[in-house]
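J.: Make a model of this:
(chains A and B)
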Amino acid sequence: MNNRQIIYLLIPLMIAIFFFTSCKQETNVQPDIPEAEAANTAQNSSLFTIRYRPVWTAQAEFAGVYMAQKKGFYQNKGLNVIIQPGGIKYPPYENLQLGHSDIVQMSLITAVKRDAENGNLINLAQITQRTSLMLVGKKSRGINSIPDFEGKRIGLWKTDDRLLSLIFLQQNKLNMDIVDLDITINLFLKDGIDVMNVMRYNEYHQIIQAGIDPEDLFSVAFADIGLNVADNGLYTTREFYTKHPKQCRDFASATIQGWFYALNNQEETVSTVLEIMHQYYLPANRPHQKWMLNEICQDFTVHKNQEGILQESDFNKAKKMLTDQNIPATQQTYESFFPR
Amino acid sequence: MKQRQEKRGLAYQIIVFIFISLFLIFTAFIAITRILFSHIMMENAQETVSHLANETTYQIENRLTSVVNISRTILTLYRYDHFERNKLDSILHDWVYEFENLEAITIAYAPSYHQEGYSRTIFHSHNRAVYQELHPADYQYLDWFQIPFELKSKYWTEPWYDATATQETVISYCLPLFAEGKCVGIMRLDTKLSALQKIVSPLKLKHSGYAFLVSSIGTIITHPADSLIFNESIFSLAEATNDNNLRQIGKKMINGNIDFVRLQDNAVFGDSWLYYCPLLTNNWSLGIIIPHKDVVGYLNLLLIIQTLFSIIIFLTISFIVYYRTLSVSRPIRLFTEVAERIGQGDFDAKLPKTGNSYEIDRLILAFEKMQESLKDYIKNLEITNAEKNRIETEVKIASEIQRKLIPENTLQPYEIKELRCYGILEPAGDIGGDLYDFFPIDKSHFLFVIADVAGKGIVASMTMTIVSTYLRTVSTYHYTASEIMQNLNNFLCKQTSASNFVTALLGIINLKTGKLEFSNAGHTPMIIRKTDLSYKIFTETHSYPLGIFANREIGSMTIKLEKGEEIILVTDGVTETMNATEDFLGLKGLENIIKNLSSTNPEQTVRQILQHVHSFAQNTPQKDDITILVIDYKKSED
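T.: Numbers count the residues shown, from 1 in each chain, chains lettered A, B, ... in the order given. Just a heads-up that it's a prediction; the model follows:
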């Protein structure tokens, strides 16, 4: 085999090797994730990622977070916040402890109660400074005063939010048939129960939007009868907080900034909330979200210039409410629970 | 000229009148048509939509009822103990497969009752039967289980998405299952919501009418605007548009009422009519919307046509009236032009021969007669006018003659040194009935007279002329005032009628002795103004006015005049002068004037009296002749 023959053999061989090599390289480069997500990841690679989980599905209750995200308040603090889905399938405390979320939103009562288990909850910011919980009964069902509750059927959520209602029943020495509820108000509308616990910002207005006038309802707002306690707050674990104190504080301050933006730009905020709800195919109407935002904003600004701060009195009150009911509560001090 | 411009022609006025009349008639007609037809159209619209609604609800009810009927059969099978569970499940699958209206069947038990397992859902998917089991935690608080379980009665759910089984949005008919008298579970039969939506959504009325469904709590189930479905309720729409009326309607809808109502200016429904009626099976409500413009669309078209017809009728009538009026009014216009020429004095202007109508012909005929009459009248007027002018000229001449009968005022009348005389006569007309005269009858006697003939005008003037001439004559033969007056009276009684009587005061002064004999026949009294400025008035009369009773003795009175005394004589034109308030000056007024005189000679006295009389009259028109004669006696130095 002369040199020329060897060259003739090598050329196709080299072409074949080049071809196979190029094919292999192309296979390696092909991404496993969608291009848009890859771009997003690349863009956010310099930002610190925080996974935030709301206590419920998207609605104006979390408007501050949405607006902080939309207006770039998180990004300005170097944060890439992923807003995780909320709802009955995603209990915030469990998700937090299991490490599925970094920061969650839940009520103060829930946090103080659940912290009895691990004692590692940190309140980063207190969003709503009073409870929106109410009991409502239909006047058409003979509910015209608190004594009329006696012996009637009351629907209470299965969650820790029922605690205030139970304390109310105990304080008023009311003996009622308790029916556990999940999410809807339909059992109340269909007269399956006589009294129901509602959030003023949500279910109360849903009842109004189902054709029952406020005048047809007898209402007891807990905030007005000495059972007031702060409600929604942002929580993380002590482990996460110790590792990333700056990012936690930045998340809290950007969220508060988002709430102030929502407070001052309610129409825009409602539109944003509706867009998000439509993305998740959640039923939504503007009047309801507007009502909800307005209510939450009022609860947000109860203590002027103290927005976002958990009051020590609220912390102690929540603890006392639980211990009075012989329910274990957090062992943490206020300073430890709400580090400044 | 301006007024003439503002007046419109006959055609214009008739057309305006017709326009106003037609406008009122057509407006009333259109308004009545609108009221009646809108009422009829509303009734028609209501009838149409109620038929449509009944048909639609019938279809929906039929579908829902079929599900209810199936449930009864399944319940019977369920209660039949001979079937094993697998066999029953197989039968149930066959039902689901066979009945188009049925999407899935679920039998779910309460946590406390699970001898046959907790729950199983049977449905057909991808050509095979699917049997799905769920744990109570997954369903016991869902509406489809909890509500009928708590109520222990049948229940139609709101639409919900079955994510765990059929992956369909369904509505479910749920009925409680009992065992030994206790509610132990729920049987659920699902039917596709899309099937109901397919019945309602294609409904179109008129141009843009549509139908929609609301659930038993007011949620919008079907609507042409997809964004409203499940998101909005009739109450949220009412809230969003701040429309309390819509909220009240919504309450009636979910309470099973039927009505046909107007929605005005709602942001979602616009200006429209809503018919709503209940679906009795599941307490939903069917609403049918017809835009108001669709309901009254034909009515508006009718009204537009009516209006156009009205305009055409008006224009046609106007056109006809205009040309007819022009042809009728042409002779009138010509006639008017001729009348204007006649008005300007051209009485020979020719009138149009015919006026195209009986009335105008008669008018022209009447005007022709009037034209002839006018011509005669003008002719007579010209004659009369010429006669009048002649008489006026003669009267002027008479007036001139009369004035010349009155002696001229000179410093020394007839060169008599003992006397100064000054008289003035202001006639009320061109010629008057007043007279004064003075002249010497011999070297030592001087006669003066002042007289007033009753009445005025030519007769009075002639009488006055007679009196003046006769006096001059008779005084030649008689030297006493009483004789002269008596003679004059008899003469006047013969020569004139009693109506032309004369009042007169005649006196004869003996220039040597200053003795004055005077006789007053019904005349204004004589006044003697003394040198100490006092005065004496002689009110006694010596006879009736002259020319009434003949052959009567007429007396006289004799007094002695002192040097420097003034004899003041006036006619009743002075004493009967009236001021603006119709008060007479009177004799007292005259006396007051005389009291305050500052004159030193007869002329001054006359002028001052006249000035005071004029001041009293205050520009009140003079009704009678004013005559004043003043004689100043100076005893002769001889």
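
J.: Look up the closest residue to the residue in the stretch 351-500 of chain B that chain A sits nearest to, ignoring the ones flanking it.
T.: Using Cβ to the nearest Cβ, B:Ser357 is the residue of the stretch 351-500 of chain B that sits closest to chain A, at 76.8 Å. The C-beta positions use only the backbone N, C-alpha and C, and glycine is treated the same way. Closest residue to B:Ser357 apart from its sequence neighbours, by Cβ to Cβ, 6 or more residues apart in numbering or on different chains: B:Val328 at 6.0 Å.

J.: same thing with A:Thr57?
T.: Once flanking residues are discounted, A:Thr57 sits nearest to A:Gly87: 4.7 Å by Cβ to Cβ, 6+ apart.

J.: quick one, phi psi at the one you found?
T.: Note on A:Gly87: backbone dihedrals following degrees, to the nearest 10 are phi 130, psi -180.

J.: Am I right that it is in contact with A:Gln59?
T.: No - if you go by Cβ atoms under 8 Å, A:Gly87 and A:Gln59 don't touch, sitting 10.7 Å apart.

J.: The two: which has the busier surroundings?
T.: Between A:Gly87 and A:Gln59, counted using other Cβ atoms under 10 Å in any protein chain shown, A:Gln59 has the larger neighbour count: 23 against 15.

J.: The more buried one and A:Asn202 touch, don't they?
T.: Yes - with contact taken as Cβ under 8 Å, A:Gln59 and A:Asn202 are classed as touching, separated by 7.5 Å.

J.: quick one: low-confidence parts of the stretch 501-638 of chain B?
T.: For the stretch 501-638 of chain B, the stretches flagged by pLDDT under 70 are B:635-638.

J.: and with 80 instead?
T.: Scanning the stretch 501-638 of chain B for pLDDT under 80 picks out the ranges B:622, B:634-638.

J.: residues contacting residue 62?
T.: Went with chain A since none was named. By Cβ atoms under 8 Å, 6 or more residues apart in numbering or on different chains, the contact list for A:Phe62 reads A:Pro54, A:Trp56, A:Ile83, A:Gly86, A:Gln105.

J.: quick one on the thing from earlier: pull up the overlap in contacts between A:Gln59 and A:Asn202.
T.: Contact criterion Cβ under 8 Å, 6+ apart; residues shared by A:Gln59 and A:Asn202: A:Met292.

J.: so what's A:Met196 bridging to?
T.: For A:Met196, the beta-bridge partners are A:Val136, A:Gly155 (DSSP bridges).

J.: Can you get me a residue count around it?
T.: By other Cβ under 10 Å, 26 other residues sit near A:Met196.

J.: Is it in contact with A:Ile185, as I believe?
T.: Yes - taking Cβ under 8 Å as the definition, A:Met196 is a contact partner of A:Ile185 at 6.8 Å.

J.: joint contacts of those two?
T.: Residues touching both A:Met196 and A:Ile185 (Cβ under 8 Å, 6+ apart) are A:Glu203.

J.: Any part of stretch B:139-146 near chain A?
T.: Yes - for stretch B:139-146, a contact with chain A is found by Cβ under 8 Å from any Cβ of the partner chain, at B:Tyr141, B:Leu142, B:Asp143, B:Gln146.

J.: Would you mind writing the CA trace of that stretch as PDB?
T.: Extracted C-alpha coordinates of stretch B:139-146, given in PDB (Å, rounded to 0.1, in the frame of the first residue of the first chain):
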ATOM      1  CA  TYR B 139     -63.800  13.800  49.500                       C
ATOM      2  CA  GLN B 140     -65.500  14.000  52.800                       C
ATOM      3  CA  TYR B 141     -65.300  17.800  52.900                       C
ATOM      4  CA  LEU B 142     -66.100  18.400  49.200                       C
ATOM      5  CA  ASP B 143     -69.500  19.900  48.500                       C
ATOM      6  CA  TRP B 144     -70.800  16.900  46.500                       C
ATOM      7  CA  PHE B 145     -70.300  14.700  49.600                       C
ATOM      8  CA  GLN B 146     -70.700  17.000  52.600                       C
END
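
J.: Relative to the whole chain's centre, how far out is that stretch?
T.: Between the centre of stretch B:139-146 and the centre of its chain there are 77 Å (Cα atoms, centre = their mean, to the nearest Å).

J.: What of stretch A:48-64?
T.: The answer for stretch A:48-64 is 5 Å, by Cα atoms, centre = their mean.
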